[in-house]
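Visitor: my questions concern the predicted model and sequence given below.
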Amino acid sequence: MLRSLYSGISGLRSHQTMLDVTGNNIANVNTAGFKGSTTQFQDTLSQMTQGAGGPQTGLGGTNPAQVGLGVQVAGISTNFAQGSAQATGKATDLMISGDGFFVTRLGNDTVFTRAGAFDFDAQGRLTSADGKIVQGYSATNGVVNDGGAMGDITLPLDGAAPARPTTAATLSGNLPSDTAVGGTVVRDTKVYDATGNERTLELTFTRTAQGWTVRGGDQAGAPATALTFGTEGRQPNDNATLTVDGVRVDLGGITGFATLNTVAVTGQNGREAGTLQGFSLSKDGTLVGQFSNGESLAVGRIALATFANAGGLEKAGSSGYRATANSGDPQVGVPGSPGVGSLTSGTLEMSNVDLSQEFTNLIVAQRGFQANARIITTSDEVLQELTNLKR
């Protein structure tokens, strides 16, 4: 039989594979996190019809004569170039800007993906659309244990931000210098103990001939502290303090101009216990819980994995990949660390398929298929001529 017949068949098979790969790319043009593939061809074995001859005295060397036996698919490579960003406005939609893969768990199977369309399930776990659980590092009292054992990224739906006792408070504003001697100004503020119980801290300012005195009236009370003001209405030293039942009150911001009575408590560092009300995701992958007491605490941090050879990853379906012997072991880190991309919340990475290139590849594959089909028909006509020699 003619060798060209089988060469044509190999060409049909190879270009059919190219059509399959190109068609899959076009089909996934709107798949978030999809990475396109390309097909590489190589020739198959060549049949030797004449070997090479070395040069001799009076006779030049001869080159080998070989007839190729067709084409085969050398490999199908994945293009991991960055895809375009698509804004969704959904906080749990994440895009990796740079290198890295999300680490997800499906049972005991670890799958890596660039598709960041996530959401929280009924148990507060961050999951993909097909139920894979996003992996990362947990946090204790707002401190993330980077580099520790990875686990499920979970939003504590029934969690609470711990109470924080008040240890410092700050006052600012103005005490009117034209107040009669013996006149008082009273200011109250809420403070908290270690268990989050609320109590009232009362501060009483009394006008004296030299300026003002302030006394704390928080249950047990406290000794009076004197405040004096210079001719410009300011304290000579802006470091006046008063301690009331363990709460250090900063009085350095108070002035003593006439008329204005604006002194007020501008802040204190205690909080009651709070329940979870919302969350946000930062560029470094930290999941931050927002609590009813105004506290914002880290509850976890998403991990990203990189590979020495991302092209060696095996596609696992659902826009996921598995590590192989040629991809190398995953190097797990956190977003923003050296060699690892950062995260953008409310955005998805679109498919990196270039339609203009894919349609060009489609034409090339189609013409290549037609040309190889013509090889078969031509070889068939030659065989027909041979059979017609005997009539």
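Guide: That came through, no problem. Predicted model, so just to flag it, every value in this text is computed and none were measured.

Visitor: strands of the stretch 201-350 of the chain, start to end?
Guide: Remark: strands of the stretch 201-350 of the chain, listed N- to C-terminal, are 212-216, 225-227, 241-244, 247-255, 264-268, 274-281, 286-291, 296-302, 304-306, 314-317, 320-322, 331-333, 342-345, 347-349; assignment by DSSP state E, counting those that start in this stretch.

Visitor: now do residue 25 against residue 130, distance only.
Guide: Plainly put, residue 25 is 21 Å away from residue 130 if you go by CB to CB, to the nearest Å. In short, each C-beta sits where N, CA and C put it, glycine included.

Visitor: so for those two, which sits in the more crowded spot?
Guide: When residue 25 and residue 130 are compared for neighbours, residue 25 comes out ahead with 25 against 13, by other CB atoms under 10 Å.

Visitor: the more buried one: what secondary structure?
Guide: In the three-state summary, residue 25 is assigned as helix, counting by DSSP: H, G, I helix; E, B strand; the rest coil.

Visitor: need the pLDDT of it.
Guide: Listed pLDDT for residue 25 reads 96.

Visitor: these two touch, right, it and residue 362?
Guide: No. Under the criterion of CB atoms under 8 Å, residue 25 is not in contact with residue 362, lying 9.4 Å apart.

Visitor: nearest to residue 52, out of the strands of the stretch 201-350 of the chain?
Guide: Distance to residue 52, taken as CB to CB, is lowest for strand 314-317 among these, at 41.5 Å.

Visitor: who does that closest one pair up with?
Guide: Based on DSSP bridges, the pairing partners of strand 314-317 within the sheet are strand 320-322 (antiparallel).

Visitor: got the buried residues for the strand it pairs with?
Guide: Going by neighbour count (16 or more other CB atoms under 10 Å), the buried part of strand 320-322 is 320, 321.

Visitor: who's in contact with that strand?
Guide: Strand 320-322 is contacted by residues 101, 104, 109-113, 115, 132, 313-316 when judged by CB atoms under 8 Å, 6 or more residues apart in numbering.

Visitor: pull the distance from the helix of greatest length in the chain to the chain's centre.
Guide: With secondary structure taken from DSSP state H, the chain has its longest helix at helix 355-387. Averaged C-alpha coordinates place helix 355-387 at 47 Å from its chain's average position (CA atoms, centre = their mean, to the nearest Å).

Visitor: name the helices or strands packed onto it?
Guide: Packed against helix 355-387, as judged by 3 or more CB pairs under 8 Å, 6 or more residues apart in numbering; DSSP states H and E, are the following elements: helix 3-27.

Visitor: contacts for the helix it packs on?
Guide: By CB under 8 Å, 6+ apart, helix 3-27 touches 36-39, 41, 44, 47, 67-73, 76, 353, 355, 358-359, 361-362, 364-366, 368-369, 371-376, 378-380, 383.

Visitor: apply 7 Å and report the result again.
Guide: Contact with helix 3-27 is made by 36-37, 39, 41, 44, 67-73, 76, 353, 355, 358, 361-362, 365, 368-369, 372-373, 375-376, 379, as judged by CB atoms under 7 Å, 6 or more residues apart in numbering.

Visitor: now do it against helix 355-387, angle only.
Guide: Following axes from the mean of the first three to the mean of the last three CA atoms, to 10 degrees, one obtains 160 degrees for the angle between helix 3-27 and helix 355-387.

Visitor: what's the helix or strand following helix 3-27 packed up against?
Guide: Towards the C-terminus, the helix or strand next in line after helix 3-27, according to DSSP states H and E, is strand 37-43. Contact analysis of strand 37-43 by 3 or more CB pairs under 7 Å, 6 or more residues apart in numbering; DSSP states H and E lists helix 3-27, strand 71-78 as its packing neighbours.

Visitor: deepest of these, which one?
Guide: Highest mean neighbour count of the helices and strands packed on strand 37-43: helix 3-27, a mean of 18 (counted as mean count of other CB atoms under 10 Å).

Visitor: so what's the gap between that helix and the chain middle?
Guide: Its chain's C-alpha centre and that of helix 3-27 lie 38 Å apart, by CA atoms, centre = their mean.

Visitor: and the host helix or strand of residue 86, how far out from the chain middle?
Guide: Secondary-structure assignment from DSSP H and E places residue 86 in strand 85-87. Here the centre of strand 85-87 is set off from its chain's centre by 14 Å, with CA atoms, centre = their mean.

Visitor: show me the strands paired with that strand, marking each as parallel or antiparallel.
Guide: Strand 85-87 has the following sheet partners, assigned by DSSP bridges: strand 347-349 (antiparallel).

Visitor: residues in contact with the partner strand?
Guide: Contact partners of strand 347-349, identified using CB under 7 Å, 6+ apart, comprise 32-33, 83, 85-88, 93, 95-96, 114, 116-117.

Visitor: nearest to residue 144, of those residues?
Guide: residue 96 (18.7 Å).

Visitor: that closest one: what secondary structure?
Guide: With three-state DSSP as the criterion, residue 96 was assigned strand.

Visitor: and for residue 97, the neighbour number?
Guide: Every residue meeting other CB under 10 Å relative to residue 97 is counted, giving 16.

Visitor: typo on my end, residue 238
Guide: With other CB under 10 Å as criterion, residue 238 counts 12.

Visitor: and for the one 5 residues further on?
Guide: Residues contacting residue 243 under the criterion other CB under 10 Å number 14.

Visitor: what does residue 83 give?
Guide: The burial metric for residue 83, expressed as a neighbour count using other CB under 10 Å, is 21.

Visitor: wait, it sits on residue 354?
Guide: No. Residue 83 sits out of contact with residue 354 when judged by CB atoms under 7 Å, with a separation of 10.4 Å.

Visitor: pull up the gap between residue 21 and residue 112, please.
Guide: With the distance defined as CB to CB, residue 21 ends up 21 Å from residue 112.
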